[in-house]
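Asks: Everything below, folded, please.
(chains A and B)
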Amino acid sequence: MKIFRSYLFLFALAVAMTVSVYLSLATPVAGNFGDVVTFKMNGTANSTPALLRLDRSAFDTLGSLHIIASDRYGTRQLVRLVSQTQISDAGVKPGHSFVALVEYIPAEKMFVLGPIERVDPIMTFDFIPGLGELGRNMLFHVPMSMTAFLAFLVGTIYSIMYLIRKRPSDDRSARAASAAGLLFTLLATITGSIWARFSWGTFWNWDPREVSIFILLLIYVAYFILRSLLEESEEKKARIAAVYNIVAFVSVPFLMFVVPRIKQSLHPGGGGSEAPIINTSSTPVHTDPALLNLHWIMVILFVLLFVWMKDLYTRILTLEERTEN
Amino acid sequence: MEFLEHHPLYVVAIIGSVVWLGIFFFMLGIERRVKKLERKKKTL
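Replies: Numbers count the residues shown, from 1 in each chain, chains lettered A, B, ... in the order given. So this is what the prediction gives:
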């Protein structure tokens, strides 16, 4: 892991992460004309952000401006402006794409254009029904959970290696990886709680997935408490901790993947309901490619961040041990 | 969500990026201190 000690590499990681965090938070969420109609008709939202392309505009005899715009599916609809100067003020010209709040008026079968939020966006995220702006949390919450799983797996592999080779460096690596896993689980829980607050009304609902992640947190907190309470020799302490770490990891796949899918859950995928939002298959939910690509970039960056954290903590433990000796 | 609704997305994105950079430079500070100690240990 020598590369993680190079400042050049670390700065490249920082730049990549900053760009990804910025894109995750600044990319507008936008639907289309179909979404606008659906949400109006089922009472979900009066107006919905939509990604449109201005084809042409013209004044009618009464002096109000009508514009023809298309969405990504090529359907063309007449859009009436609320303000005549709205388009020119925003700098939208024919051929430009823009994200604007659009409201459907069923009685007139007409779309009313609300405020224009972005002109010619670099990219947009699909409008996910029921999530809207919250959908972007998927770029933090899910990669953090995936990294936590990987960290616990790496910790277990090092624990197995310690029991086989008896090298103190393996024990330090196992400890560092498990600590990073605990940190990422905690971050995933916090981002999940914020998501739950705005989607389900409260920060904590005792949903099966929340219960399982809470148990997982307790199991790994117990690992560190066990280590600090043992008064045996360093070697015996490391051996007991390694065995505990392996046994603890046996519960991880069950708590992270099996239990939340068996029980009825508010989470997507719970109790055989719709699949999780991250889904590359064609059915039943297909994830927006922009969101999916950025999601995998975030997963890679979080994994690199984990490797750096693990390496750093292992070196700190090595220094501590040498000082004690 | 209230914060998101009342601020343009780029403001939220800049705050998010600054928070991340804060974490990064904090870790970089630890990295530098660890490197220094490792060098010291080697020379001893």
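
Asks: residues in contact with the closest residue to A:G31 other than its chain neighbours?
Replies: Leaving aside its sequence neighbours, A:G31 sits nearest to A:F127 (C-beta to C-beta, 6 or more residues apart in numbering or on different chains; 3.3 Å). Any C-beta I mention is one placed from the backbone N, CA and C, and that applies to glycine too. The contact partners of A:F127, taken as C-beta atoms under 8 Å, 6 or more residues apart in numbering or on different chains, are A:29-32, A:35, A:48-50, A:135.

Asks: Show me which of these is closest to chain B.
Replies: Nearest to chain B among the contacts of A:F127 is A:V29, at 9.0 Å by C-beta to the nearest C-beta.

Asks: Mind jotting down where the strands sit in chain A?
Replies: For chain A, the strands defined by DSSP state E occupy A:29-30, A:47-59, A:65-70, A:76-81, A:97-105, A:110-119, A:125-126.

Asks: Repeat that for chain B.
Replies: Going by DSSP E, chain B shows no strands.

Asks: Show me where it dips below the pLDDT cut-off.
Replies: Across chain B, the ranges flagged by pLDDT under 70 are B:1-6, B:44.

Asks: I'd assumed A:V19 was in contact with A:L301.
Replies: No - using C-beta atoms under 8 Å, A:L301 is not in contact with A:V19; the gap is 9.7 Å.

Asks: Settle it for me: which of those two has more neighbours?
Replies: Neighbour tally, A:L301 and A:V19, criterion other C-beta atoms under 10 Å in any protein chain shown: the higher count belongs to A:L301, 19 against 13.

Asks: Relative to B:V34, how far out is the closest residue in space to the more buried one that isn't next to it in sequence?
Replies: Nearest in space to A:L301, with sequence neighbours left out and distances taken as C-beta to C-beta, 6+ apart, is A:M17 at 5.0 Å. To B:V34, A:M17 is 21 Å away according to C-beta to C-beta, to the nearest Å.

Asks: Of these two, which one has the most company?
Replies: A count of neighbours by other C-beta under 10 Å puts A:M17 above the other of A:M17 and B:V34, at 21 against 18.

Asks: Please give me every residue in contact with the more buried one.
Replies: The contact partners of A:M17, taken as C-beta under 8 Å, 6+ apart, are A:301, A:305, B:20, B:24.

Asks: Quick check: the third one vs A:E235, distance?
Replies: As for B:W20, its distance to A:E235 is 40 Å (criterion: C-beta to C-beta).

Asks: How about the second one?
Replies: With distances taken as C-beta to C-beta, A:L305 is found 32 Å from A:E235.

Asks: Tell me which of these two has more neighbours.
Replies: A direct count of neighbours by other C-beta under 10 Å for A:L305 and A:E235 places A:L305 higher, at 22 against 11.

Asks: The more buried one against A:L13, yeah?
Replies: Yes - counting by C-beta under 8 Å, A:L305 touches A:L13, with 7.2 Å between them.

Asks: mind checking pLDDT for A:P143?
Replies: We have a pLDDT of 95 for A:P143.

Asks: count of residues packed around it?
Replies: 28.

Asks: Next, the contact list for it, please.
Replies: Per C-beta under 8 Å, 6+ apart, neighbours of A:P143: A:295, A:298-299, A:301-302.

Asks: buried set for stretch B:9-25?
Replies: By 16 or more other C-beta atoms under 10 Å in any protein chain shown, the buried positions in stretch B:9-25 come out as B:9, B:12-14, B:16-17, B:20-21, B:24.

Asks: Sorry, wrong one. I was asking about stretch A:12-27.
Replies: For stretch A:12-27, the neighbour count (16+ other C-beta under 10 Å) marks A:13-14, A:17-18, A:20-27 as buried.

Asks: now stretch A:314-321
Replies: For stretch A:314-321, burial by neighbour count (16+ other C-beta under 10 Å) applies to A:314-319.
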